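**Student:** Model the following, please.
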Amino acid sequence: MSFSQNFIKSSTLVKQLLDITSIDNNDLVVEIGPGRGIITQELIRLAKEVIVIEKDRTLIQSLRTKFDHQTNLKIFNQDFLTWSLPSTSFKIFSNIPFDITAKIVDKLLKSKNKASEIYFIMQLEAADKYLIGNDLNTQNSILLSIFYDAEILGDIDRTAFTPKPQVDIVFTKFTLLPNPLIDPRLYPQFRDFVIFGFNQWKSNMFEIYKKIFSYDQFKKINHQLKINDLKPSQLNIDQWLKLFDIYQKFVSQNKKDLIDGFEKTYIKKIRTKNYY
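**Tutor:** Next up is the predicted model:
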């Protein structure tokens, strides 16, 4: 049994996609969910070393038989979400299982050693949520933008997959920033702060954070950032960063306790639902 995955049928398509990447014979490349090995067979011809992580035991047996004599390939029968990422420099190229896209990206963002480039074949609807916009942003795009630039490199025809997906598919690239937008040690607090804001179901930033910032603080915040009447999706990344900086410097710990650990509490509350 496969794990909710649409497999690419053509090695020619894989070669075309790899041609627009920077992957070469100096790279360690990780592939998540290799399935039947269509992508794997092209990666091992191109990269110095390839690591594939496949959860499906039936597919693992087939992969090990197919690539039995490949010296630059390592195959792990494991859930990527519990697998330990490489400690050295690496890139990712994957046709990921669409139903766990958010969980995969979350793992990569929370990891200490981050992939220098990530190439994902993914749903257009999901990819759009990771792109920074001029007018509206999502929780996903704000959290990703701390470490990565995101772009869609092109569309992929649905007929290239089996089974044929019922959604639009795109080829997406995440490029690691030379310097993260905040100190990585503060990223867990930033995640809690942003996820808290996007999941309060209140009309504007003032209503959302009025138990966190004092009235006088909000007056100064609004004078500087003009955000009191905005929804979380209407803030750009610079506004989120400045607001978080004020939160870090001037909010008391007892108020921060209302937000610290919010992500875990929220995930537990909704359990299997898609929380972004």
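**Student:** From Gly261, how far out is Tyr119?
**Tutor:** For Tyr119, the distance to Gly261 equals 33 Å [Cβ to Cβ, to the nearest Å]. For glycine as for every other residue, the C-beta is placed from the backbone atoms N, C-alpha and C.
**Student:** what's the answer for Tyr215, then?
**Tutor:** Distance from Tyr215 to Gly261, by Cβ to Cβ: 26 Å.
**Student:** In terms of neighbours, single out the busier of those two.
**Tutor:** Ranked by neighbour count (other Cβ atoms under 10 Å), Tyr215 and Gly261 place Gly261 first, with 12 against 8.
**Student:** Quick check: that one vs Arg191, distance?
**Tutor:** Gly261 is 10 Å from Arg191, by Cβ to Cβ.
**Student:** Give the residue spans of the stretch 1-150 of the chain that score low on pLDDT.
**Tutor:** Applying pLDDT under 70 to the stretch 1-150 of the chain picks out residues 1-4.
**Student:** let's see 90
**Tutor:** Within the stretch 1-150 of the chain, the segments meeting pLDDT under 90 span 1-6, 133-135.
**Student:** Roughly how far does the closest residue to Phe147 other than its chain neighbours sit from Leu144?
**Tutor:** Leaving aside its sequence neighbours, Phe147 sits nearest to Pro180 (Cβ to Cβ, 6 or more residues apart in numbering; 5.2 Å). Distance of Pro180 to Leu144, given as Cβ to Cβ: 11 Å.
**Student:** can you check Gly33 too?
**Tutor:** Counting by Cβ to Cβ, the gap from Gly33 to Leu144 is 20 Å.
**Student:** cool, and Asn95?
**Tutor:** 19 Å.
**Student:** So which of the two has more stuff around it?
**Tutor:** Set Asn95 next to Leu144 and count neighbours by other Cβ under 10 Å: Asn95 wins out with 26 against 22.
**Student:** Would you list the phi and psi of the more buried one?
**Tutor:** phi -100, psi 90 (degrees, to the nearest 10).
**Student:** Now stretch 115-134 - C-alpha only, CSV.
**Tutor:** Taking Å, rounded to 0.1, in the frame of the first residue of the first chain, the C-alpha atoms of stretch 115-134 are listed here in CSV:
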residue,chain,number,x,y,z
ALA,A,115,18.9,22.1,3.5
SER,A,116,20.6,24.7,1.3
GLU,A,117,18.0,24.2,-1.4
ILE,A,118,14.7,22.3,-1.4
TYR,A,119,13.0,21.3,-4.6
PHE,A,120,9.4,20.0,-4.1
ILE,A,121,6.9,18.7,-6.5
MET,A,122,3.7,19.7,-4.7
GLN,A,123,0.1,20.9,-4.9
LEU,A,124,-0.3,24.5,-6.3
GLU,A,125,-2.6,25.3,-3.4
ALA,A,126,0.0,24.3,-0.9
ALA,A,127,2.8,26.0,-2.7
ASP,A,128,0.9,29.3,-2.8
LYS,A,129,0.7,29.3,1.0
TYR,A,130,4.5,29.4,1.3
LEU,A,131,4.9,32.4,-1.1
ILE,A,132,5.4,35.9,0.5
GLY,A,133,2.8,38.3,-1.0
ASN,A,134,2.6,42.0,-1.3
